[in-house]
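1. predicted structure and sequence below. I'll ask about it afterward.
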Amino acid sequence: MRLIISEKANTAKKVAQFLAEGTVKEGKHRSVPHHTFDWNGEETVSVGLKGHVLNPEYPEEYSNWQKVEPSSLIDAEILKPVSEKGVAQAVQSLSKKADKVVIATDFDREGELIGVEALSLVFEANPKLMDHVERARFSALTKAEIQGAFENLVEVSKELADAGEARQDIDLIWGATLTRWVSRATKRYGSAFLSVGRVQSPTLALIAERERERRAFIAEPYWELEATLRNGEPFPVRHATGRFKEEPAVRQAFENLTDTAKVMEVKEKASTRPPPAPFNTTAFLTAAANIGISPSRAARLAEDLYTDGYVSYPRTDNTVYPQSLDMREILGYLKGVEGVGQYAEKLLKGGELKPTRGKKQTTDHPPIYPTGRASKKALRDDQWKIYQLIVRRFLATLSGPSKSLRTTLRFDSGGEILTTRGTVVTEEGWLEIYRYGRRPDEELPSLKEGEELKLIGAEIFAKETQPPGRYGQGRLINVMEDLGLGTKATRPNIIQNLYDRGYVHDDPVVPTEKGMGVAKALTDFASEIASHEMTAELERSMDAISEGRISKDSVVDESRDVLRRVYEHLQSSETEFADIVWEGIRTDETLGKCPESGHDLIIRRNRKSRKRFVGCSGYPDCRVTYPLPQRGEIIPLGTTCDACGSPEIKVLGGKRPWITCINMDCPKKQEQREQKEQREAAEKEKVAQAEAAQVETAQQGEGSEAASRESVQEPVKSTT
DNA sequence: GCAAGGTC
């Protein structure tokens, strides 16, 4: 029997379908499916892994963070225990019956390593297979590609797998050593540990750097002059200078305005916006972020839609549809999708279909496109949103350009130039179906040069220049990609980790003071791990390994040497390092001033129960305390409640962040409690009425659609 | 209780 091992369940299934000469028999080992069929007259079994099946780990004797010197992890042995027990069992049980094995994992570095991991399981179960290994290399899940790959089997590339293993080892060695060192230096043990890593730390440094720029930013005042003209409907215009740097200049311009304005110029410019490129992972995550769905959630939702057969594989760099994709077939089933059916039909009737092409073309997977028809009822709200996004993007890539007309008007009033602009879409094209972030038309009155209008008002606005904006999660994904940080599959997780570790909060991403401190301390004392250059360097080394120019061991050993130097420098700066981080943590925990003694109010924990509360730093002289919610991160806002004067905090976690003052006896809270009770009473009443109505309609023997459509809202529970 | 990389 020949055993074919792929990277994931879906691929294993497709491989079987494309190679089978007759029927495919489905089997299962526990919950791991496999597919049996005949190929070249030989019984063949295809099985899928779940990505990596081994996970590198240090031996047991290194597990105590307090007792083990972190530097001993630099040279410690690295074990590769099985992380996917079920899959490993299935592979080993099948291996025993096999006389040949074909590795058919993804055609990339990690895929090669995953294949080698699988082989270690295979040989353990059946050593006779050692000399009977072949590798199928295909870069698209199509019949032609797969058949071609299996007709031209090659060897597993030890070099490519070694490159992947070097990456793995270096990540664990640096990550574990520095995470433990930093946690120990700052005495953050247990769940309070502070993590450090090749990808997360440069990402955090990026966010912190932007925050520092914002803080260093000195706002400069400027003035704008706006006037209102009338020709039928009044409309606003701006002084052509835009930003006045000096106040007297704007005053002078204001004084010069008369009560009329003459049209000096009417300029019209037609412009064309081509439809967008097909979705790769980054573009998809960015678009999802723009409609308020975080990358990690969007990735999760797309994954669900993929496993249910609604969309294609969601992790791809490709932005060019393969020739083999049958657009008409896809449009055929999109005809039945709510909200887009008519549009799909229109495209089908419209003749030749020419999809757009993006800049990046790879062959591993197609761009993300809909693979099945979903209905709103069958999906959760957020899944439906993501499905619609992918469907609409797909339709947009098959649509015509949108055309618009931009009108610029210039006026003269008392020698001052006033101007305004308006844009009107003249031909919707792809915008009709892909309406995300679309701005409404700004229509201007149609005017002729020389025409005179009434100037009915003018106003000076004093403004300030703004600091550079914070990164949104979508933007961050793009910046990471540009810097080579992480992969399409890991970037959402990396960002999510920064949230979970309490390094950042909110979106746009705001670093906590702890996050600022860790970023600064790492940049100051271990700059290697805080810079994206480490990844760039690692990429170069991995290329060298995979091309056989250098050995895996020499790359990892050299990296160990660098880490030893970094470690020594850290050791000699331990107190400075810890002070920087502690300062940040202390700031995060200082909520405001004590109303009785004027000392700082800080987050503390009860020694016995470990429950947190707010205490006065003047303790034991001042015994003021406040309760705190026990769950979710607490972010001090630096503001005080307008009703009771106590500090306000933001509580993260739960469905959405909420802002509250820490005083439970605040009159506002009392008011809110009463309002809530009233709301709940009203809700109960409504439910009772709906139920009564339902009973009534049921009694009348009619459909109860109206009553059942009424959803019963759960009363919101307070966490305090 | 460490990282980052796959995939569910």
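-> Thanks, I have it.

2. tell me the bridge partners for residue A:416.
-> For residue A:416, the beta-bridge partners under DSSP bridges are residue A:413.

3. could you pull out the strands for the stretch 551-700 of chain A?
-> Ranges of strands within the stretch 551-700 of chain A are A:590-593, A:600-605, A:612-616, A:625-627, A:634-640, A:647-651, A:658-661, based on DSSP state E, counting those that start in this stretch.

4. between the ones you listed, which one is closest to residue A:237.
-> Among the strands of the stretch 551-700 of chain A, strand A:634-640 comes nearest to residue A:237, with 37.8 Å by CB to CB. For every residue, glycine as well, the C-beta is placed using N, CA and C.

5. rewinding a little: quick one: closest of the strands of the stretch 551-700 of chain A to DNA strand B.
-> With respect to DNA strand B, and counting by CB to the nearest atom of the strand, the nearest of those is strand A:600-605 at 16.1 Å.

6. quick one: the helices in the stretch 301-450 of chain A?
-> In the stretch 301-450 of chain A, the helices defined using DSSP state H, counting those that start in this stretch lie at A:327-334, A:341-349, A:381-397.

7. what's the offset of the first one from the middle of its chain?
-> The reference is to helix A:327-334. 29 Å (CA atoms, centre = their mean, to the nearest Å).

8. go ahead and name everything in contact with that helix.
-> Helix A:327-334 has contacts (CB atoms under 8 Å, 6 or more residues apart in numbering) with A:321, A:340-341, A:344-345, A:347-348, A:353, A:355, A:369-373, A:391, A:394-395, A:398.

9. re the thing from before, need the helices of the stretch 301-450 of chain A in CSV (columns: mean pLDDT, mean neighbour count and distance to residue A:476).
-> What follows is those, written out as CSV (pLDDT from 0 to 100; neighbours: other CB atoms under 10 Å; distance: least, CB to CB, whole Å):
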stretch, mean pLDDT, mean neighbour count, distance to residue A:476
helix A:327-334, 94, 16, 32
helix A:341-349, 96, 16, 33
helix A:381-397, 97, 22, 19
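
10. now the strands of the stretch 551-700 of chain A as a markdown table including distance to residue A:15?
-> As requested, those are exported to a markdown table (distance: least, CB to CB, whole Å):
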| stretch | distance to residue A:15 |
| --- | --- |
| strand A:590-593 | 58 |
| strand A:600-605 | 55 |
| strand A:612-616 | 53 |
| strand A:625-627 | 59 |
| strand A:634-640 | 50 |
| strand A:647-651 | 50 |
| strand A:658-661 | 50 |
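
11. which of the residues in stretch A:545-564 are buried?
-> For stretch A:545-564, the neighbour count (16 or more other CB atoms under 10 Å) marks A:545, A:546, A:550, A:552, A:555, A:556, A:559, A:560, A:563 as buried.

12. and for stretch A:431-442?
-> In stretch A:431-442, counting by 16+ other CB under 10 Å, buried: A:431, A:432, A:433, A:434.

13. next one: stretch A:90-97
-> In terms of neighbour count (16+ other CB under 10 Å), stretch A:90-97 has its buried residues at A:90, A:91, A:92, A:94, A:95.

14. what pLDDT does the residue nearest to residue A:126 when sequence neighbours are not counted get?
-> Counting by CB to CB, 6 or more residues apart in numbering, residue A:126 lies nearest to residue A:95, which is 4.5 Å off, once chain neighbours are set aside. As summarised for this prediction, residue A:95 has a pLDDT of 97.

15. ramachandran angles for residue A:95?
-> phi -60, psi -40 (degrees, to the nearest 10).

16. could the helices of the stretch 301-450 of chain A go into JSON lines alongside distance to residue A:463?
-> Listed next are the helices of the stretch 301-450 of chain A as JSON lines, based on distance: least, CB to CB, whole Å:
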{"stretch": "helix A:327-334", "distance to residue A:463": "47"}
{"stretch": "helix A:341-349", "distance to residue A:463": "42"}
{"stretch": "helix A:381-397", "distance to residue A:463": "36"}
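
17. closest to DNA strand B out of these?
-> Across the helices of the stretch 301-450 of chain A, DNA strand B has its closest neighbour in helix A:381-397 (12.9 Å, CB to the nearest atom of the strand).

18. could you say what helices and strands that closest one packs with?
-> Here helix A:381-397 touches helix A:281-290, helix A:295-307, helix A:327-334, helix A:341-349, going by 3 or more CB pairs under 8 Å, 6 or more residues apart in numbering; DSSP states H and E.

19. one more time with 7 Å, if that's ok
-> Counting contacts by 3 or more CB pairs under 7 Å, 6 or more residues apart in numbering; DSSP states H and E, helix A:381-397 packs against helix A:281-290, helix A:295-307, helix A:341-349.

20. what's the closest of these to DNA strand B?
-> Closest approach to DNA strand B among the helices and strands packed on helix A:381-397 (CB to the nearest atom of the strand): helix A:295-307, 4.3 Å.

21. list the buried ones in that closest one?
-> Quick answer for helix A:295-307 (16+ other CB under 10 Å): A:295, A:296, A:297, A:298, A:299, A:300, A:301, A:302, A:304, A:305, A:306.

22. cool, and stretch A:243-256?
-> Residues of stretch A:243-256 classed as buried: A:244, A:250, A:253, A:254 (neighbour count, 16+ other CB under 10 Å).
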